[in-house]
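# Can you look at this prediction? I've put the sequence above it.
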Amino acid sequence: MSSGEYQYPEIEVQKGKFILSKKGYWIDIDLHSDEEVILKIIRNKEMDGLRFTVISDTHSGYDVFVSQLRDMVKDVPDFLIWNGDIVNNGFTVEYVTNAAIMESLPMPVYPTIGNHDIWNRGEDFYYRYFGPTRYSFSFKDCHFVFIDTSVGLIGSDQFDWLENELAITDMKYKVVVGHIPPIDTVLARFDDSELQYPELRHNLFSKAESDLLLDLFARYSVDLFLGGHTHEHGMMEIGGTIVVTSGALGGTVGPGDSVSYLDIRGINGRLVPEQIEVMSTEDVGDNALKNIRQAARVFLLSSIINNSFAIALTLLWILIMSLWWIPLRSKLTFRIKSE
């Protein structure tokens, strides 16, 4: 084999026939003992700048987001942010499945907890499979801070922690990630309506907390807030901070919703979010039956699997009762006829 050039991230050469990535992918280079091979490994120039992908509101909708993950892997982002409502019902089986998908990806994955992730006490499974609900890290001169908005509120303790994170970093960029945004990114306004189900709001449940969060962003020059939850892609700039929501990628959708995700790059001193549209809003609105089937899939399938043992016992009980009732009924019929 002659010398060649391979564009692949974070690879390491080992003895044998393979070049291995750190998360399990390989390139077969077919080495032989009687050959001398000069292998030049280079990084794609696009990878020199910061680049990452953001998905949210997958809701265990594997038929939608898994195929998109394959395309994301080909583009080789630095990492993936999975921004809340990873699962739909908070069941163990959903966490096990999504954790396995995360582990299989050849890039780091940073999750955020969403409101659906805590259904049925799912926060316990979230912590077990995905880790803490608030954390931070720095990468390529950018500081990322992940907050927990799963109950629609932030709370004073988390605000203190967030402010400290923003105050002590000296990174060029600052990004805050949270599932529920502080403001509706489509209508550019706050929703203070008294809804029976506050989760239907497109922003934090407390306007006072939204105001405080946006004030922190302005004081500490936060470049970008990444949100989800609304199932709509929207972007606005407020106080120097770009607030953007990515759309849904697997959950229930309806007219006006976006089936999309974000590709974000560092360009000319700014973080530039680009929406990658998987299905147009027109197609979403025109596919009511498909949307209903998808909703039934994400709500019912995991419930059936998670409760399969209870369902099996119920069916067994029905079967036993039917076997007992048939001979009992025939005896009663015989006695009535005899009399």
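That came through, no problem.
# what about Glu165, which SS state?
helix (DSSP: H, G, I helix; E, B strand; the rest coil).
# actually Glu274, not the one I typed
Here Glu274 is recorded as strand under three-state DSSP.
# any weak-confidence spans in the protein?
1-33, 38-48, 300-339 (pLDDT under 70).
# Spell out for me which residue occupies the centre of it.
Centroid-nearest residue in the chain, with Cα atoms, centre = their mean: Trp82, separated by 3.1 Å.
# Wait, a strand at that residue?
Yes. Assigned with three-state DSSP, Trp82 falls within a strand.
# Now it. Nearest residue, chain neighbours left out?
Distance criterion Cβ to Cβ, 6 or more residues apart in numbering; nearest residue to Trp82, sequence neighbours excluded, is Pro111 at 4.6 Å. For every residue, glycine as well, the C-beta is placed using N, CA and C.
# contacting residues around Ile267?
Listed by Cβ atoms under 8 Å, 6 or more residues apart in numbering, the contact set of Ile267 reads Gly49.
# would you list every one of the strands in the stretch 101-250 of the chain?
109-112, 135-139, 142-146, 173-177, 224-227, 233-238, 241-246 (DSSP state E, counting those that start in this stretch).
# Report the buried residues of the fourth one.
Just to be clear, that refers to strand 173-177. Within strand 173-177, the residues scored as buried using 16 or more other Cβ atoms under 10 Å are Tyr173, Lys174, Val175, Val176, Val177.
# Over to stretch 252-268?
Thr252, Val253, Asp257, Ser258, Val259, Ser260, Tyr261, Leu262, Asp263, Ile264, Gly266.
# How much space separates the residue nearest to Trp82 from Glu123?
The spacing between Pro111 and Glu123, counted by Cβ to Cβ, to the nearest Å, is 13 Å.
# more neighbours, those two?
Between Pro111 and Glu123, counted using other Cβ atoms under 10 Å, the more crowded position is Pro111 (24 against 17).
# need the contact list for the more buried one.
Contact analysis of Pro111 by Cβ under 8 Å, 6+ apart lists Ile81, Trp82, Asn83, Gly84, Ile86, Met102, Phe130, Gly131.
# The residue lying closest to Asn83 once chain neighbours are set aside: neighbouring residues, count only.
Of all residues not flanking Asn83 in the chain, Ser56 sits nearest, at 3.8 Å (Cβ to Cβ, 6+ apart). Using other Cβ under 10 Å, Ser56 is surrounded by 32 other residues.
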